[in-house]
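> got a sequence here, can you model it:
(chains A and B)
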Amino acid sequence: MSQQLKTPTLIDVRGPRFSATLTVIVLAIALATQNVWVLALQAVVFAIGAIRGPQFTPYAFIFKRVVKPRLRGEAVTEDSRPPQFAQSVGFIFALVGLLGAAIGSVPVFSIAVGFALAAAFLNSVFNYCLGCEMYLLVLRIRTR
Amino acid sequence: MKSLLPLVIVLALATAYGIWHKLREGHFKVRRTKAAVLDAQMLGAPLGSRVTLVQFSSAFCTPCRTTRALLSQMTADMHDVAHLHIDAEANLDLVNRLNILSTPTTLILNKSGTEVGRAVGAPKRDEVLAAIASVK
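Got it, this is the predicted structure:
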């Protein structure tokens, strides 16, 4: 958790929302077609978001280049760490899904992709904050 | 295309959960279990003379920032109300004892430090005002 020691980076709140919408589309395709490669692609995006930050993914690049110039209104910013945490959770689910595919288990693949899709969908549609709900629970379980 | 069924199930469940979550977010509710009693020593700061709002926050939480700004701004000119801000991660004992599951969670205490309600998620200004007014 070395990220917490750095000064927070502020990013446009609409970036992670847009990225979550693209994530929903990609994961929905992965789930409906059972295509491992589509999930692998999303796993790479999650990995970049988790390690470097959500503002460095290809989706964020599309947001900055294509979407943001067309948006009006004042940009509200947020700390980049909550969406970065969500990207890490997404990455873990994607890894489990890939592992499921590697051992030939359709249920493991589908359930893992299902959870990642549900989280991205909640973020995209309801502005759901995964870090708010999960981080404290993880800490409490770890220190039991 | 293999099957659309898993996709439909996931989206339906996520929608139901999302609506349920939105509906309960930020409302002050009285807990049915035995109410906790807190004091200045546990909280690390003195209680308000009539009402204390105790907000628990964590690092990966965007609404914690807006809640903190709202509550401190609202309580700034209320002489009998205190707003205490607690980092949940650094106070896991208290978090466990009070059974706080997510952030932001805001407890409302009366003058003796007894919990009279709590709001999970970012509360709205009107609800905070009503909750403060309802404490005797």
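> skipping adjacent residues, who's closest to the residue of chain A found nearest chain B in space?
Closest contact between chain A and chain B, by Cβ to the nearest Cβ, is at A:G131 (2.7 Å). (Each C-beta comes from the backbone N, C-alpha and C, glycine too.) In this structure, A:G131 finds its nearest non-sequential neighbour in B:F60, 2.7 Å apart by Cβ to Cβ, 6 or more residues apart in numbering or on different chains.
> next: B:C64.
Nearest non-adjacent residue to B:C64 (Cβ to Cβ, 6+ apart): B:S57, at 3.7 Å.
> shaky segments in chain B?
B:1, B:32 (pLDDT under 70).
> one more time with 90
Applying pLDDT under 90 to chain B flags residues B:1-3, B:29-37, B:41-42, B:59, B:136.
> residues of it that sit close to chain A?
B:1-4, B:6-7, B:9-11, B:13-15, B:17-19, B:21-22, B:58-65, B:88-89, B:92, B:95-96, B:100-104, B:121 (Cβ under 8 Å from any Cβ of the partner chain).
> restricted to helices, list the residues you listed.
B:6-7, B:9-11, B:13-15, B:17-19, B:21-22, B:62-65, B:92, B:95-96 (DSSP state H).
> give me the buried positions along whichever strand or helix holds B:Q41.
Here B:Q41, judged by DSSP states H and E, is contained in helix B:40-43. Within helix B:40-43, the residues scored as buried using 16 or more other Cβ atoms under 10 Å in any protein chain shown are B:M42, B:L43.
> centre of the chain to that helix, how far?
With Cα atoms, centre = their mean, to the nearest Å as the basis, helix B:40-43 stands 18 Å off its chain's centre.
> which outside residues touch that helix?
B:P46, B:L47, B:T52, B:V54, B:L84, B:I86, B:L94 (Cβ atoms under 8 Å, 6 or more residues apart in numbering or on different chains).
> quick check: the residue of chain B nearest chain A.
For chain B, Cβ to the nearest Cβ, closest residue to chain A: B:F60, 2.7 Å.
> ChimeraX command for the buried members of the residues of chain B next to chain A?
Burial among those is assessed by 16+ other Cβ under 10 Å; the matching ChimeraX selection reads:
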select /B:6,7,10,11,14,18,58,59,60,61,62,63,64,65,88,89,95,100,102,103,104,121
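> quick revisit: hey, C-alpha coordinates of the helix holding B:Q41 in CSV?
The C-alpha coordinates for helix B:40-43 follow below in CSV (Å, rounded to 0.1, in the frame of the first residue of the first chain):
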residue,chain,number,x,y,z
ALA,B,40,-13.8,11.1,24.4
GLN,B,41,-11.0,8.7,25.2
MET,B,42,-12.1,6.1,22.7
LEU,B,43,-12.6,8.8,20.0
